[in-house]
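When you get a sec, could you give me coordinates for this:
(chains A, B, C and D)
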There are 2 protein chains.
Amino acid sequence: MNAGPATGRPSTKERIVTAGAELFRRQGYTGTGLKQIVAEAEAPFGSVYHFFPGGKEQLGAEVVRTSGAAYGALFTAAMEAAPDPVTGVRDFFAGAARTLVETGYADACPIATLALEVASTNEPLREATAEVFTGWIALGTAAFAQAGIGERAARELTIALLSALEGAFVLARALRSTEPLEVAGESVAARASALLTAPDAGRG
Amino acid sequence: MNAGPATGRPSTKERIVTAGAELFRRQGYTGTGLKQIVAEAEAPFGSVYHFFPGGKEQLGAEVVRTSGAAYGALFTAAMEAAPDPVTGVRDFFAGAARTLVETGYADACPIATLALEVASTNEPLREATAEVFTGWIALGTAAFAQAGIGERAARELTIALLSALEGAFVLARALRSTEPLEVAGESVAARASALLTAPDAGRG
DNA sequence: ATCGTTCTTGATAGATCGCTCTAGCGATAG
DNA sequence: CTATCGCTAGAGCGATCTATCAAGAACGAT
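Just a heads-up that it's a prediction; the model follows:
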């Protein structure tokens, strides 16, 4: 029943999930071994199968859901902290670019690499990534709708935002440049601005 | 010196590259074994190391460059076949969506999965993917510039296009839906249209 | 104190990984 | 014919992979 910190140290399970999230994000799912995860987590090997009887796949699913929720919260926080949605979008892309540079172009989307790897090879994990993306779309749609954009336009704006963000991450990591994030962010901000300036365009 | 077809069958090297391209695209780089590649290619295992003394990494680099060039040609062909750039963009996204559906959401970008996997773990392969992306940016910039868009705006439009495309691929494969490709394509088409309608906006 | 449960721990199995190595086939040149 | 060379062919190496297993430590409940 130990969920954690009598001491300041996170529980073994938490450390495994955290280490798995970091390694899956940077090296992908198939490229990361359980041995490497437990080494990074400073956890005994057997604990993986104690907490995740379903093995690597179950750990992967939990990592996807956990870090997906965390990243969604990051987006919501950026949107709520900003005076308007356009600024929120700009801030979010700028923050993503900053993180990317600070981590040596390692930390971008927490689930994209895994998502592409498993999309055609592992149905349970594919479903986990689909659930996360669906949740992000709902989050963004709600945020833009609250700002006065029609439901349908808000949804399409969110999908365009996520597409631009994920794609910019691919280019940015490969090219080791933040230019794609800047261009993509400005592109989405412009579209959001247009929808807010001429609100009739986006009533759905 | 056999580059191929006295018979109709492609050379062993070609079959290995083709099989590698298909498997890396669908399952990723670390998720694909050399044994699986030679089985798919109906080639002897030893031939891999005959043609690619550098092993899996060298094969990966050749696959990236080959299929990157082929995909670039596909883009150029779509742009040249279309009456105007906006239609070209729409056709290209629509064609990508069609391929995705026809292959059961397996065949999207030929190098994206590999690019994310190796971006922080394998510098030679990362450089190969960076070269391909740089080539695509040059291709798109030239195509849009030829249509009358200023050099700088053409470059940014191309980066926005590639970001939207790659990101839409991620979402589409995970969600098993073409909606992201449709939304992203329309978004890029709209931006291209705006740059062509008001050409002064894009003189750089 | 004793029991039961939860969690820790690492050795180990069985499969697969990338890669090396040697042997041999078949076409061509001399 | 013989020699050479490009390529075929696959057995096998050490390493690593996921997963299993049995045993012990920690701890609360009775």
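
show me where pLDDT drops low in chain A?
Within chain A, the stretches with pLDDT under 70 are A:1-8, A:199-204.

Please repeat the previous calculation with a cut-off of 50.
Applying pLDDT under 50 to chain A flags the ranges A:1-7, A:204.

Could you tell me which residues of it lie near DNA strand C?
Selection of chain A residues close to DNA strand C by Cβ under 7 Å from any atom of the strand yields A:1-2, A:11-13, A:43-47, A:49-51. The way it works is simple: take the backbone N, C-alpha and C, and place the C-beta from them, glycine included.

Can you tell me which of the residues you listed are buried?
A:12-13, A:43, A:51 (16 or more other Cβ atoms under 10 Å in any protein chain shown).

Please flag which of those residues sit within strands.
Assignment to strands by DSSP state E places none of these there.

Which member of those is positioned nearest residue A:80?
Nearest to residue A:80 out of these is residue A:13 (Cβ to Cβ; 30.2 Å).

Who are the contact partners of the residue lying closest to that closest one once chain neighbours are set aside?
Take residue A:13 and drop its neighbours on the chain: the residue closest to it by Cβ to Cβ, 6 or more residues apart in numbering or on different chains is residue A:51, 4.6 Å away. Applying Cβ atoms under 8 Å, 6 or more residues apart in numbering or on different chains, we find residue A:51 in contact with A:12-13, A:16.

Residue A:92: what's it in contact with?
Neighbours of residue A:92 in contact, by Cβ under 8 Å, 6+ apart: A:74-75, A:78-79, A:185.

Would you tell me which one of the buried ones among the residues of chain A next to DNA strand C comes nearest to DNA strand C?
Closest approach between those and DNA strand C, by Cβ to the nearest atom of the strand: residue A:12, at 3.1 Å.

wait, isn't residue A:134 in contact with residue B:175?
Yes: taking contacts as Cβ atoms under 8 Å, residue A:134 lies within contact range of residue B:175: 7.0 Å.

Tell me which of these two has more neighbours.
residue B:175 (21 against 14; other Cβ atoms under 10 Å in any protein chain shown).

Quick check: the nearest residue to the more buried one once chain neighbours are set aside vs residue B:163, distance?
Closest residue to residue B:175 apart from its sequence neighbours, by Cβ to Cβ, 6+ apart: residue A:130 at 5.1 Å. Using Cβ to Cβ, to the nearest Å, residue A:130 is found at 21 Å from residue B:163.

For the closest residue to DNA strand D within chain A, give me its contacts.
Residue of chain A nearest DNA strand D, by Cβ to the nearest atom of the strand: residue A:55 (2.6 Å). Contact analysis of residue A:55 by Cβ under 8 Å, 6+ apart lists A:48-49.

For it, give me phi and psi.
Taking degrees, to the nearest 10, you get phi 70, psi -150 for the backbone angles of residue A:55.

returning to that earlier point: report the two members of the residues of chain A next to DNA strand C separated by the largest distance.
A:1 and A:45, at 22.5 Å, using Cβ to Cβ across the residues of chain A next to DNA strand C.

now the helices for chain A?
Counting by DSSP state H, one finds helices in chain A at the ranges A:12-27, A:34-41, A:45-51, A:55-81, A:85-102, A:112-118, A:123-146, A:151-175, A:179-197.

would you turn those helices into TSV with distance to residue B:196?
Converted to TSV, the helices of chain A look like this (distance: least, Cβ to Cβ, whole Å):
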stretch	distance to residue B:196
helix A:12-27	39
helix A:34-41	50
helix A:45-51	56
helix A:55-81	32
helix A:85-102	24
helix A:112-118	32
helix A:123-146	27
helix A:151-175	20
helix A:179-197	16
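
among those, which is the most enclosed?
helix A:112-118 (a mean of 30; mean count of other Cβ atoms under 10 Å in any protein chain shown).

near DNA strand D, which of the residues of chain A next to DNA strand C show up?
A:45-46, A:49.

Mind picking the one among those that's closest to chain B?
Nearest to chain B among those is residue A:45, at 20.7 Å by Cβ to the nearest Cβ.

my guess is that closest one meets residue A:36, correct?
No: contact criterion Cβ under 8 Å: residue A:45 and residue A:36 do not qualify, at 10.9 Å.

I'd assumed residue A:127 was in contact with residue A:118.
No: using Cβ under 8 Å, residue A:118 makes no contact with residue A:127, being 9.5 Å away.

outside of stretch A:58-66, which residues touch it?
Residues from elsewhere that reach stretch A:58-66, judged by Cβ under 8 Å, 6+ apart: A:16-17, A:20-21, A:24, A:29, A:34, A:37, A:48, A:52, A:54, A:111, A:114, A:118, A:124-125, A:128-129, A:131-132.
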